[in-house]
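Novice: take this sequence and fold it.
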Amino acid sequence: QVQLVESGGGLVQPGGSLRLSCAASGFTFSSYFMTWVRQAPGKGPEWVSFISAGGSSTGIADSVKGRFTISRDNAKNALYLQMNRLKPEDTALYYCARGAPWSSDYKDRAYWGRGTQVTVSS
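Specialist: Now for the predicted structure:
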């Protein structure tokens with residue numbers, strides 16, 4: 001049974017940092033692209049960043065480029081998102097998802113975690 005459990009969200013002031021983690025189980029983590037997705041209230045989901053199975057290739061959305069960094073540790077079945085210089089518009093529920101943004105897994109929301117809330121406010 002595929003499980004993705006996000007953690008690390010919280011309330012942070014503008015300009016602050018957070019590191020999100022995603023613990024994966026129930027599948028061969030090292031064989032899959034992984035994606036961080038966020039959804040703000042009243043808006044559709046937006047992919048934030050993805051990383052290849054081996055970690056050598058990444059993609060990042062323009063809205064967070066230069067501020068967020070994705071990484072993974074395949075030995076620990078873990079995915080991370082380092083978020084720096086946070087802005088109020090980064091406020092959203094952040095999900096860990098199996099698959100690249102163009103994959104059927106991602107589009108079907110087949111394997112998404114439950115999310116962790118990030119709120120950026122003074």
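Novice: so who does Trp36 touch?
Specialist: Trp36 makes contact with 20, 22, 47-50, 70, 79, 81, 94-97, according to Cβ atoms under 8 Å, 6 or more residues apart in numbering. Where C-beta positions appear, they are placed from N, C-alpha and C, glycine not excepted.
Novice: nearest to Val5, of those?
Specialist: Nearest to Val5 among those: Cys22, at 6.8 Å, using Cβ to Cβ.
Novice: ok now do Asn1, which residues does it touch?
Specialist: Asn isn't right for residue 1; it's Gln. Contacts for Gln1 (Cβ under 8 Å, 6+ apart) come out as Gly26.
Novice: from Ala23, how far out is Thr35?
Specialist: Per Cβ to Cβ, to the nearest Å, Thr35 is found 16 Å from Ala23.
Novice: compare these two (neighbour count), which wins?
Specialist: Thr35 (25 against 16; other Cβ atoms under 10 Å).
Novice: wait, what's in contact with the more buried one?
Specialist: The neighbours of Thr35, taking Cβ under 8 Å, 6+ apart as the test, are Trp47, Val48, Ser49, Phe50, Ile51, Cys96, Ala97, Arg98, Gly99, Ala100, Pro101, Tyr106.
Novice: try it again with 10 Å
Specialist: Neighbouring residues of Thr35 by Cβ atoms under 10 Å, 6 or more residues apart in numbering: 47-51, 59, 70, 79, 95-103, 105-106, 112.
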